[in-house]
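Asker: Give the three-dimensional model of this entry:
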Amino acid sequence: MSLWCETPERAYPFVFRVRRVKRFIDCAQLIYCPDVAIFVRFARSLGLYLACRGRPLVILDANGPVCGLVGRYFEGIMPKYYKGPTPPRLGDLAYTETAFFGV
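Answerer: Residues are numbered from 1 along each chain as shown. Take a look at the predicted model:
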């Protein structure tokens, strides 16, 4: 599911993957956003849009609680592995097993 939010300056893209957690909770997982701070900026609008379409929860890639978002951080759930000295940017799972296989 791809969405974008517009401001007078530019448009911001967001890509979500529809998921079901624990076999009965429908949610959306954020696969791509330009920056987590931008997601926080538009979280209310995106959340209302997704909730109206049956996805009241969003799973977000984070390494701790995200300031400005209501929710809960689960330590050690779905760890992200990478190779090399530079970790991937938060909020960008576009080329990971999560985006390709839904893992």
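Asker: Quick check, residue 42 in contact with residue 3.
Answerer: No: applying CB atoms under 8 Å as the test, residue 42 and residue 3 come out as separate, 9.1 Å apart. Any C-beta I mention is one placed from the backbone N, CA and C, and that applies to glycine too.
Asker: Give the residues shared as contacts by these two.
Answerer: Residues touching both residue 42 and residue 3 by CB atoms under 8 Å, 6 or more residues apart in numbering: residue 14.
Asker: Identify the bridge partners of the residue nearest in space to the middle of the chain.
Answerer: By CA atoms, centre = their mean, the chain has its centre lying nearest to residue 30, at 2.1 Å. Applying DSSP bridges to residue 30 yields these beta-bridge partners: residue 16.
Asker: before we move on, what about residue 59?
Answerer: For residue 59, the beta-bridge assignment (DSSP bridges) gives partners residue 29.
Asker: For it, give me its contacts.
Answerer: Contact partners of residue 59, counting by CB under 8 Å, 6+ apart, are 19, 21, 27-30.
Asker: Many thanks, have a good one.
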